[in-house]
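Chemist: Pasting the sequence and the predicted coordinates here, then a few questions.
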Protein chains: 2
Amino acid sequence: MKTSNLLLATTRETPADAVVISHQLMLRAGLIRPLAGGLYNWLPLGLKVLRKVEQVVREEMNRSGAQELLMPVVQPLELWEESGRAQDYGPELLRFKDRHDRDFALGPTHEEIITDLVRKEIRSYKQLPVNFYQIQTKFRDEIRPRFGVMRSREFIMKDAYSFHMDRDSLQETYDEMYDAYNRIFTRLGLDFRPVQADTGSIGGDGSHEFHVLAESGEDDIAFSTESDFAANVELAEALAPKGERAEPTEELTKVETPNKHSIEEVCDFLQLKKKKVLKTLLVKGATEAAPVVALVVRGDHELNEIKAEKLELVAEPFEMATDEEIKAAAGCSAGSIGPVGLNIPVIVDRTAAHASDFVCGANEDGFHLIGANWDRDATPTLVADIRNVVKGDPSPCGQGKIEIRRGIEVGHIFQLGNKYSQALNATVLNETSRAQVLEMGCYGIGVTRVVAAAIEQNHDDKGIIWPEALAPFQVCIVPMQMHKSPRVAEAATKMYNDLKAKGIEVLFDDRNERPGVMFNDMELIGIPHRIVIGERGLDKGEIEYKYRRDEKAQDIPETEFMDFLLMKLK
Amino acid sequence: MKTSNLLLATTRETPADAVVISHQLMLRAGLIRPLAGGLYNWLPLGLKVLRKVEQVVREEMNRSGAQELLMPVVQPLELWEESGRAQDYGPELLRFKDRHDRDFALGPTHEEIITDLVRKEIRSYKQLPVNFYQIQTKFRDEIRPRFGVMRSREFIMKDAYSFHMDRDSLQETYDEMYDAYNRIFTRLGLDFRPVQADTGSIGGDGSHEFHVLAESGEDDIAFSTESDFAANVELAEALAPKGERAEPTEELTKVETPNKHSIEEVCDFLQLKKKKVLKTLLVKGATEAAPVVALVVRGDHELNEIKAEKLELVAEPFEMATDEEIKAAAGCSAGSIGPVGLNIPVIVDRTAAHASDFVCGANEDGFHLIGANWDRDATPTLVADIRNVVKGDPSPCGQGKIEIRRGIEVGHIFQLGNKYSQALNATVLNETSRAQVLEMGCYGIGVTRVVAAAIEQNHDDKGIIWPEALAPFQVCIVPMQMHKSPRVAEAATKMYNDLKAKGIEVLFDDRNERPGVMFNDMELIGIPHRIVIGERGLDKGEIEYKYRRDEKAQDIPETEFMDFLLMKLK
C-alpha cells in the first residue's frame, strides 16, 4: 500500500488526557481516534493490527476444534434475570428498552446467550463436548473508562464457551484452551505468562489469567526464578519459613508509644525494622461465637484479604471491624492492638508465627509490648497463610524464589462448572437417558486490549515497535526526494512491486515529505523493517536497511538485497 | 471438517412463524437461530456463509482503493442532533442513556460518525478523495422485524463513505463503487440488477439499488427486454404514446351510474375496458392560488406519487385532498370526479392525454360522462408523466419493452452531496486555502441480507442450493455404513484427506446415520458437490458424484475421479 492511499493520521503532540504509553502511541500513530468516553474509531492502520490479532486467535481456536459462531450484541434481559445476573451485574450492564418497551442490554459477555442456545440445540451426550467461540463487539459501561482501548466501554473480545458431561471432559478442554492460548500469545510475539488466578464472582474452580508482562501492568504477578510457576500475587501461597522458631531471649515489656499508630511510626519511634513488629488487624468473624477475630501479620507484610476470607472463622465478604467493635474486643483503638491477652480468636500468618522477641500493640492506647513471644505470651488460635508473597519468598512450587513483575491481563480461562447451566436448566440426556446438567467452561481474550498490551511491552521513545506478527506492514520503503529524482522513484517503485509480488506487506511512503518526517512517521507507527532508497545509495549500488530495534542502518549491496531482506523476514 | 465436529442443527419441521423460504431454510438448515424478535444467533454453518460474503465484499472494496476502518456500534446522540437526524429518524433509532445519563444510540448507519472523523482528520484537498468502509454490526429497531435476517433488527452491513472536493470526483468514486458492486454480486454468483433508484429522504442526486432477482422480492423492478436498463418501477419513466391522438368520434353524453364509484364498478356497469375510463384524483396543491389540483390517469394505470410530488403544482409531501376539499372543488364525492368543467388545475398523464372518446366522472354524484375528448370538452393544464410503468410499455431507454420482475435490495449506492458535511461543517482547505464543504457519497451492502437473498434465488424443495462462492463447503463426502465397513471408512477418510490437502473445503459426514438422513441433510444445507462412497461402488471401482442441481448422480471410475472433481470445482 502507498501512504497516499492510507489515512496516515500521525501527530507529534502527546494528547493530554492519555496517561499510559499505549494510549498515547495509539493516538499519535493514528491507530485509533476517540468518538466519546470509552468509544474509539479504529483507523485503517489500527484495524490492520486488530485484524492480525483476530486472525491468529481464530486460527488457533479452530485448530483446537472450537467452532466459531456469532451471537447478537443486543441481548434480551430476561435471560439475565433467569441466570440471576440481572441483579448481580450492576450498572456496567447497560440496560435499555426497545420501542415496544421490552428490556434489553448490551452484551458485556455471553454466558446466558450461549447457554440458552445450547439448551435448545444440544440434546444428547453424544454431541458433547462442544466449544463455541465468537470474535465480537462487547460493551461494558465502565464508570471511568481509561487508558484508551485498554479499558474502553466498547471493545472486541474473543469469547469461547465449552459444554461437557463431566468435570474430566471440562478439564480436558480447559487444558486444550490453555495450550491454544499459549500458542496464540507466542505467535503474536508477546512476552507473557499464564498465571493462576482467582475465579472471583463468576464462580467455579480452575482459572488462569494470561498476562502480557509490562512495567505499566495493573496486576502484580509472582513468578518463580527457577520454574514456570506464576500466580497472581494475591493467590500465590506464602510458605511457612523453614526451621524451628528461635527461642525467646527477651522479657515481655510494656513501653510507651504516645500517638504512634502506624507500623512506620512505631518502628521509627522505637528504632526497629518493620519485620520486628507484628501488625494485628481485627475483622468481622463468621460465627456468632466470634463476631470479631484478630489477624496477625509481620509489619513488613501485607494482609491478603482473599486468603483470609477463605478461612472458616472469617466473614465472607471480608470486612474490617468497626472502631466500636475494636474498642469492645481489644479495649483500644486500631493502632494499638496486639495478640497478647486478646480474648478473641487470633489467626497468625505463617511467617508472623515464626517470629520471636517481637513487638506488638499492648491493647492499650499509647503503649506497645516488646520482647513478646508466641506460646509464652500469646497463643495462636490458628496459623495460616494470610499474607501476600513478597520478592525473595521461596516459591510455593518448591523451586527458586519469588520474583514480582507487573502484567496486563489479556486472556482468562475459567472452569465455570454448572453455575449457568444449572440456573438456565441446560441439560442433555446422558447414557442412561437421564437429563443431566452440563459442566461449562469459558475462555476470553481481550482482542482490542492485546493491541494496547503489545505496545506497552514493545515501544521506545520514537514510537511503537511491532512484533512481526502484529505489524500492519512488515516493510516500509522510504524514498529520498522521489518527487525530484525519477531514478529514485523508479528504483523505489520497482522495490515496492517486487516485494508485493512476493506477498510481503509493504508500505511505500510516496508522500512528498522531507526524509525526517517520513523516518519519524515510520518509526512512530512501528514498521519492523525499513528500506531507504536514495541517489547516494544508488550511485554506490547500495540500499539502506534498518531494523526497527537496531540503533543504526546498514548499507546492503543492491544485488544481495532481496536475499538479505527475505532472510530478515523469514 | 467432520460433521461430528460441527453443530449440524438441521430440522425437518418448517417453523410456523417463518413465512419466506429463505427464513424457513435458514432455520431448517441450522444457519441461524432466533434469540429474540429480530435478533439471531449465527450458528457455525451460517457464519461460514456470512464470512464468505464479507470476504468477497472486503476484497472488492480494497481493490477499489477504499480503506477499511471500524467505528463503534454505540454512538453519541449529540452528533445526530448536529446533523438534524435525531429529530427525523424516528423510533428505528434506538436511543438510551448511559450510567452517567448521557444520550447514546445504537448505530443504524454511520454518516454522522464518519463525517465527524473526517472533519477532524482530513485537512487538505491533497488528501482527497477518500473512501472509508467498515463491515460492522448495525441495529435498527424495526417496528415489525420479519423474514428472518432479511429484515432483522441487528444485522451486518458493509457501509462505505467517500469524501470529495467536487461533484466530478464524487461521480468518479460513485462509478467505481458501481463497478465494485457489480464485481461483488457477480463473484457471489447471484442473478442481480443495478437499478436506478430514488434517493428518498436521505437526499442527494445519483442513486442505484442492487437487487437480487427473486419471486419473493419486496420491490418491483422495471427492465427493458432489449437493453440493460433497469429502474425501480416507481422511478421508470412512462413515455408518451407515439403518434397523434385519435380525433373525437362521439358526442359528450352524461349517463347515470348510480352508486358506482370505483373504476371496476363503473366499467362493470357500463361494460367497458378499464383503459377506456380516465381516473381523476384530487390532491393538495403547492400554491395558495391552487390549494387543490386534479391528477388524471387512465383507469388501468396507477398514479405514481413520487412523480406527482415532483411537479411544481403538487404539494410535497404528497397528500390526497380531503372529502370536504373534493366537495368544494368538484361538487361531488371522490368517485365521480372528472376533468370536464373542473375549475382547478388539471394535470393529465401522458397516456391519459392521448385518449379520445373517454369516460370520466361528471362531477356530479351518480353520473359519468361518455364520449369525452380533450381540448373539445376539457383542457389539460399540464401533461406529465405521473403514472407507474406497466409491462409492455416502451422502455424509456428507447430499446425494447418494459418487463417487470421482483427484486430483493442487497446494495445501495448514493450521491449524498453535502447534506452531512454541511450540517457538521466538514470542510477542508482547497487549492486557494479556503475552507470548502465536502461532497460525500455513501455505499451500503446488507451483508446478512445477501445470505437470505441468495437462498430466495437458489433453492428447491430439498433445500438450499448455494452458489459456489457462498457454499460453506464445496464438497461433501457421504460414506455408506462407514461404521460397519472399515473399507468404506478407509476410502472415505482417504478422500477427505486428499481433498483437504488440495485446499478444498470439504464436509465429511462421519455420523452414524442412515444414508437417507445424510443425503437429506447435505441437500438441505446446499453443498454443491456430493461424493458418495460405499461398498457397491468400491467393488466396481467407482465413486458416486452428484451436483446439487442435477437430478441424478453419476458413477465415476475411481482412477479418474479426482480429475473429474477438480474440473467440476474449477
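Modeler: Looks like it arrived, so ask away.

Chemist: just the strands in the stretch 351-500 of chain A please.
Modeler: Using DSSP state E, counting those that start in this stretch, the strands of the stretch 351-500 of chain A run over A:358-361, A:367-372, A:382-384, A:402-417, A:427-429, A:435-437, A:439-446, A:459-460, A:463-464, A:475-479.

Chemist: hang on, A:Leu27 in a helix?
Modeler: Yes: per DSSP: H, G, I helix; E, B strand; the rest coil, A:Leu27 lies within a helix segment.

Chemist: Check whether it really touches A:Gly148, as I assumed.
Modeler: Yes: A:Leu27 lies in contact with A:Gly148 (C-beta atoms under 8 Å); the separation is 7.3 Å. Every C-beta, even on glycine, is put in place using the N, C-alpha and C of the backbone.

Chemist: Report the set of residues contacting both of those two.
Modeler: Both A:Leu27 and A:Gly148 are contacted by A:Ala18, under the criterion C-beta atoms under 8 Å, 6 or more residues apart in numbering or on different chains.

Chemist: Which one's more surrounded, these two?
Modeler: A:Gly148 (28 against 22; other C-beta atoms under 10 Å in any protein chain shown).

Chemist: Just give the closest residue to the closest residue to chain B within chain A, not the sequence neighbours.
Modeler: When scored by C-beta to the nearest C-beta, chain A has A:Phe96 as its residue closest to chain B, at 3.6 Å. Computed as C-beta to C-beta, 6 or more residues apart in numbering or on different chains, the closest residue to A:Phe96 that is not its neighbour in sequence is B:Phe96, at 3.6 Å.

Chemist: what bridges to the one you found?
Modeler: Taking DSSP bridges, one obtains B:Phe104 as the residues bridged to B:Phe96.

Chemist: ok, back up a step: any chance of the strands of the stretch 351-500 of chain A in CSV, with mean neighbour count too?
Modeler: Output for the strands of the stretch 351-500 of chain A, formatted as CSV (neighbours: other C-beta atoms under 10 Å in any protein chain shown):
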stretch, mean neighbour count
strand A:358-361, 27
strand A:367-372, 22
strand A:382-384, 18
strand A:402-417, 22
strand A:427-429, 17
strand A:435-437, 14
strand A:439-446, 26
strand A:459-460, 16
strand A:463-464, 24
strand A:475-479, 26
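
Chemist: among those, which is nearest A:Ile347?
Modeler: strand A:382-384 (4.8 Å; C-beta to C-beta).

Chemist: what's the closest one in contact with?
Modeler: A:240, A:307, A:311, A:313, A:345-350, A:353.

Chemist: Any chance of a markdown table for the residues you listed, columns pLDDT, distance to chain B and neighbour count?
Modeler: Output for those, formatted as a markdown table (pLDDT from 0 to 100; distance: C-beta to the nearest C-beta, whole Å; neighbours: other C-beta atoms under 10 Å in any protein chain shown):
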| residue | pLDDT | distance to chain B | neighbour count |
| --- | --- | --- | --- |
| A:Ala240 | 93 | 46 | 15 |
| A:Lys307 | 92 | 33 | 22 |
| A:Leu311 | 94 | 35 | 20 |
| A:Leu313 | 95 | 38 | 19 |
| A:Pro345 | 96 | 41 | 19 |
| A:Val346 | 97 | 43 | 21 |
| A:Ile347 | 97 | 39 | 26 |
| A:Val348 | 97 | 43 | 26 |
| A:Asp349 | 97 | 39 | 27 |
| A:Arg350 | 97 | 43 | 18 |
| A:Ala353 | 97 | 46 | 21 |
